[in-house]
Every structure is written in C-alpha cells, then in structure tokens.
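K.L.:
Mind looking at a prediction? Sequence and model below.
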Amino acid sequence: MATSARTAAPPAARKVPQHRPGSKLRRHNTIVGWSFILPNFLGFGLLTLVPIVVLFYMSFTNWNAFGTADWVGFANYERLLTDGSFRISFLNTLYYTVLHIPLTIVASLGLALLLNNKLRGVAFFRTAAFFPYITSIVAIAVVWNLLFSPDSGPINEVLRAIGITEPPGWLTSPEWAMPAVVIVGTWRDMGYYMVLFLAGLQTVPRELHEAARMDGANVWQRFVNVTLPCLRPTMFFVTVMLTINSLKIFDLILVMTGGGPGQSTSVISQFIYRRGFEENQFGFASSAAVALFFLCIAVTVVQFLWNKKRSV
Amino acid sequence: MSELLDRNITQRTLRKLDDPKPRRASRERSARYRAGRAIGYIAMIVFAAALLTPFFWMIMSSLKSANEVFSVPVQWLPETFVWSNYVEIWSRSDIITWIRNTLLVSTVVTLLQVLTGSFAAYGFAKMRFRGRDVLFLLYIGTIAVPWQSYMIPQFILLTEAGLSNSLVAIMLLQAFGAFGVFLMKQYYETIPEELSEAARIDGLSEYSIWRKIMLPLSVPALASLALLTFVNTWNDYLGPLIYLRNPDLWTLQLGLRSFVSNLYDTNYALLFAGLTISIVPIAIIFMLGQRYFVEGIATSGLKG
C-alpha cells in the first residue's frame, strides 16, 4: 500500500547516482530531465495550473459572457456571503459529505474484511463489488431514479411488503432526496475504496492476530485493537480522498436530481455550474469556485496535520 | 495481490498441520469456524444482491415491451423477451455516432496519457535536476484541487483557443492529468536503479533507457493506467456536457442523456437497451483487465 504521504516526501536522492560537480553536466542533466517532463507539463500547465491562476483573477472581476471584465475587488465574495442559494448549496454539500464518508467507509471496509477471508466465490464477488464504479453515471441515474420511484419503484414496493405503509418519496421529497443520492453515491464508490482497504489489510501482520488470539481477544477486540491500528495509513488516505470527492460531488447530483426538488440537493459544484455556464456570471461563479478550492485544500491540510500529530 | 493471498493459504495450511491442540477443542473451534463461514457467505450474498440488482433490473427492463417497464407490481422478468429493442435502438437514435465519438476520444486520451505520463514519470523517478521536486509537488498538489473549481477558466481558455464545441477539447481535458505521472512514478521507483545505471555505463542515452528498459518492464503499470484512463474517459459526463453543443459530436453519455430528457414519452425499454450497450464494452474491458484495475488503484489510490 503506497499512500500519497510516501510520495509527497520522496526520498529525494535515493540511489540516484552522484554526479561529479560539473556545471556542464548538471546543465545537461537539467535539460534532459525537463525534456522528459515537458510533453506532459505543457498540457498540465496550460490546462490545470494556468486555469487555477486565472480563476483567482476572475473572482475579483465582473467577468461575463460579453468579455468585459472590470476589477471589482471583493464584491463577488461579499455577494457570495449573503447569497441564500450559495448558503443552501454549501450546507447541502456538507450534509452529503457528513453522510457519505462514514457510510462509505463502513460499507467498503466491511466488504474488504469479508473478501479478505478465503471464501468460495470471492473473485466473482470482487468483480461485482467493483462493477458500479465502472458504470456510466447516466446509466446509474436512470436506473436508480426508477428504482426509487415512489409509487411504482421496486424499493418502495419492498418497503411496503415488509410493513412500512408510507415509504419515503425519495427523489421527489425534499427530505429524502439527499439520503437517496447518498445511498447511490455509496453504492457506486464502495467497490473502489474496498480495493484500497483490501490492499491495506494485506499489510496487517498475521502474527499480531495470532498473538491477540492467544491472549484471548475475541473477533471484535482483534478488529479494534489489531486491524484498525494497522489500517491507519489506509484509513487516513481513504478519508482524505473521500472528503475531496464528497465536497466536489456534482455529476451524480446533476443526473439524478438536478439539484431538486427545490434546492434540496443543490451543491457547491452545481452552484458554480449554474452561475457560470447557465447564467454567464463567470466572475461571481469564480468566487464560489475559489471557496470550493480552499475548502478542499483546507480540509486536506487539516487532515494531514492531524494524521502527523497522531503518528508522532 | 493474488500471490499474497496464496502465501496466506500456505501459512494457514502449515499452521493447521502443526496445530497441537487436543481433538475436542479443535472440534469446538471448527464448529465456530463453520458458523463464521456461513455468516460470511450470507453477508456476501446480501452484498452481492445489493450491488447487482440494479444491473439485473436494467438488463431485464431492456428486454421488456415499452409499457411493461412501469407495471405495478414490479415485474422482474419480462413476459416476452423483446429482443427487437436492441435492433431498434440503432435506427431510432444516433448511437453509432455517439459510440464512434466516444471511442475516438477514449483511445486518443489513453494514448496521450500513457505516453506523456510514463515519459514524465521517468524524469521524476530516475533523473536528478534542479526544480524536479518543486515541480512534482505541484503535480501532487493539484490532486486535492477539484476540477469543478477551475472548469470555468479552463473553458474560457479553450474557447479563446477556438476549441470549444470540439472533440479536441475533451481530449486535451483528460489527457494530461497528474494521475498518470503519479502512478507511473510509483512504479518506476520500484525498479532498481542499478538497471538504468548499468545501461548508462553501456552508453545508452536516457531516452533509450526509458524506451528499451523502462517501458518493457512497466507493462503492468502501463496496462493499469491505460485501462483506468480509458474507462474514465468513456464514462465522463461533465466534460462533454460543458464543451459539446453539436449533436454530431456527442459522446455516448451525452447522447443517452438526451435520449432521457428529449423524448417526452421516452420508450424506457429502448433507453435501457442503449444503457446496456453503453456498459457492455466497459464491462468486457474490465473483466479482461481486472487485475490491472485493482493493482492500479491499490498502488496509486487515485482515479483519473
């Protein structure tokens, strides 16, 4: 299991040959090195780095479809703070994140623990678990929309059959639309995080489990005191990825609910999309995009610091 | 991964062989063991049902007649199998155009990503030069930056370049991600330095080392990267949604989406046939290359 922490601080000079100090050789090396990176960096720089820089500039202008862009200072941000639908989108994003993270961790870790056993059919099962993740979002949306259909959908039919007389309206009800989206999000993602957890479980030393068993620890105690601590690097990595992926949730919302009913499932990414591509308020939309940018960076940094503190 | 599992089996068998416990204890334990396994199987069946039911329903619905899809109570199996849905979808929609566009974009993106990604990764993993680590930090840093936050300036830049409403835009969008560089670098770092050092002494240039030594050695990682990139591009919805206005340029995802929203009296059976068709190529690719998918994700932990 290689976590990003390992690569974030690569052992810079590990085994790389020491060249004799010679400015000509060093310059040659630099040129050759850059020539390897350049083809990718051209695309990466122009399509990722430059847009990020431009984004910050745009958020201070009233950039719109007509190409006029005047510097407006913090006006967009002030507007953002008082904008009711941004507040709703922001809270909905947090709501999705808070529901989606624990649910996905429990489900994918559960799957991984299950598959880590030598049971018959594990290979088939692993394929099945991964399948939702490689399925197109449009297919997922159409199928789940119909499965969730309040009157004729199979889900509510099952619920009625087990005695729930008034099953939720799911995507048609403001209260239940977000939980429904979270369920689908979890269903889609758990196979992916399961793979990460499975890789992590391979690194748990068997001897520790043996020792704990000798000491009379039961399954649950072994899970809490042996497996979980050993999984900490994986858990950290999964949480970071899950947080970023939840905060930027968009495509699932767009195809399943379009943000509705009302604004009950509208999220930050969609707010950016609406203001930008539908209403052409590129400047204002950029300020919301900057907010999303810092939200993701901040959460990631905090998680890194917290992880560092705990591992000391 | 499978090797690791196999090692576990041997370890367990060895342990069983020298288990010194008396009979009765072991019988008790095996009863418990069997109960545990039974629970495991039940859990697996429940999970599998939850995971696969939507697919089952989709495929079955694609074989129903138009009004059978919504019948109450739900019918899981079609009354008569309407195979003609799969014939009709080809004539009733532009699905051939959509497939052609999607295939073109996915192939070009995969080629570009694999080539430039592995090339840059060699520079990051095996070369030493000024600015390398800072540059790599930039690559890594963008992994925490969601595309949604810079999609607007990116769109404006590509529009200024005259590329909006073109498949080229979608190709550029996907082809230079940090992901490919990251995954390949991870892999190259596991290849011993002595190998390239020996080649250097033999007088090979860095470019030949990459082409003649690194590329052949990194086929598993290249396969992982190619598969993950291909599937991600095939399934991408947001990029095409923002860039492609002209129906001739639509990808499969956009086309099927329009099929849902355009026809007021959507023939859902037909739609399901289309959705099934859109999933089948990916399913086949996934089954064939499953090992590489899993390894790619497990070593990089990222998606494109």
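P.N.:
Looks like it came in fine.
K.L.:
The stretch 201-304 of chain B against chain A: which residues are in contact?
P.N.:
B:206, B:210, B:231, B:234-235, B:237-238, B:241-242, B:252-253, B:256-257, B:260, B:268, B:271-272, B:275, B:278-279, B:282-283, B:286-287, B:290, B:293-294, B:297-303 (Cβ under 8 Å from any Cβ of the partner chain). C-beta: built from backbone N, CA, C; applies to glycine.
K.L.:
filter those residues to the buried ones?
P.N.:
B:206, B:210, B:231, B:234-235, B:237-238, B:241-242, B:252-253, B:256-257, B:260, B:268, B:271-272, B:275, B:278-279, B:282, B:286, B:293-294, B:297-303 (16 or more other Cβ atoms under 10 Å in any protein chain shown).
K.L.:
and stretch B:43-55, does that touch chain A?
P.N.:
Yes. On the criterion Cβ under 8 Å from any Cβ, stretch B:43-55 is in touch with chain A at B:Ala43, B:Met44, B:Phe47, B:Ala48, B:Ala50, B:Leu51, B:Leu52, B:Pro54, B:Phe55.
K.L.:
Okay, and A:Asn307 sits in which element?
P.N.:
A:Asn307 is part of helix A:282-311, with elements assigned from DSSP states H and E.
K.L.:
buried set for that helix?
P.N.:
Buried residues in helix A:282-311 (16+ other Cβ under 10 Å): A:282-293, A:295-296, A:299-300, A:303-304, A:307.
K.L.:
chain center to it, what's the gap?
P.N.:
Taking Cα atoms, centre = their mean, to the nearest Å, the mean C-alpha location of helix A:282-311 is offset from the chain mean by 13 Å.
K.L.:
which residues sit against the helix or strand containing A:Leu42?
P.N.:
Using DSSP H and E, A:Leu42 maps to helix A:23-44. Residues outside helix A:23-44 that contact it (Cβ atoms under 8 Å, 6 or more residues apart in numbering or on different chains) are A:19, B:112, B:115-117, B:119-120, B:122-124, B:127-132, B:135, B:139, B:142, B:172, B:175-178, B:180-181, B:206, B:210.
K.L.:
Show the buried residues in the residues you listed.
P.N.:
For these, buried by 16+ other Cβ under 10 Å: B:112, B:115-117, B:119-120, B:122-124, B:127-129, B:132, B:135, B:139, B:142, B:172, B:175-178, B:180-181, B:206, B:210.
K.L.:
Spell out the secondary structure type for the nearest residue to B:Ile96 once chain neighbours are set aside.
P.N.:
Spatial nearest neighbour of B:Ile96, excluding adjacent residues (Cβ to Cβ, 6 or more residues apart in numbering or on different chains): B:Trp90 at 6.7 Å. Judged by DSSP: H, G, I helix; E, B strand; the rest coil, the three-state class of B:Trp90 is helix.
K.L.:
how close does B:Trp90 sit to B:Leu63?
P.N.:
As defined by Cβ to Cβ, to the nearest Å, B:Trp90 lies at a distance of 16 Å from B:Leu63.
K.L.:
More neighbours: the two, which one.
P.N.:
In terms of neighbours (other Cβ atoms under 10 Å in any protein chain shown), B:Leu63 is the more surrounded of B:Trp90 and B:Leu63; the figures are 21 against 14.
K.L.:
Let me know the helix or strand that the more buried one is in.
P.N.:
Using DSSP H and E, no helix or strand contains B:Leu63.
K.L.:
check contacts around it.
P.N.:
Counted by Cβ under 8 Å, 6+ apart, B:Leu63 has contacts B:Pro78, B:Phe81, B:Val82, B:Trp83, B:Asn85, B:Ala269, B:Ala273.
K.L.:
Highest neighbour count among those residues?
P.N.:
Top of the contacts of B:Leu63 by neighbour count (other Cβ under 10 Å): B:Ala273, with 29 neighbours.
K.L.:
elements contacting the one helix or strand it maps to?
P.N.:
Taking DSSP H and E as the criterion, B:Ala273 maps to helix B:268-288. Secondary-structure packing of helix B:268-288 (3 or more Cβ pairs under 8 Å, 6 or more residues apart in numbering or on different chains; DSSP states H and E): helix A:122-134, helix A:137-147, helix B:23-61, helix B:84-92, helix B:219-235, helix B:252-262.
K.L.:
closest to A:Val53 out of the ones you listed?
P.N.:
Of all the helices and strands packed on helix B:268-288, it is helix B:219-235 that lies closest to A:Val53, at 25.5 Å by Cβ to Cβ.
K.L.:
Quick one: mean pLDDT for that closest one?
P.N.:
Taken as a whole, helix B:219-235 carries a mean pLDDT of 88.
K.L.:
swap in stretch B:132-150?
P.N.:
Rounded mean pLDDT across stretch B:132-150 is 87.
K.L.:
again with stretch A:163-176
P.N.:
Per-residue scores along stretch A:163-176 average to 82.
K.L.:
ok so A:Pro174 is a strand residue?
P.N.:
No. Under the criterion used here (three-state DSSP), A:Pro174 is coil, not part of a strand.
K.L.:
hmm, back to that, the residue nearest to B:Ile96 and B:Ile277: what is the separation?
P.N.:
B:Trp90 is 9 Å from B:Ile277, by Cβ to Cβ.
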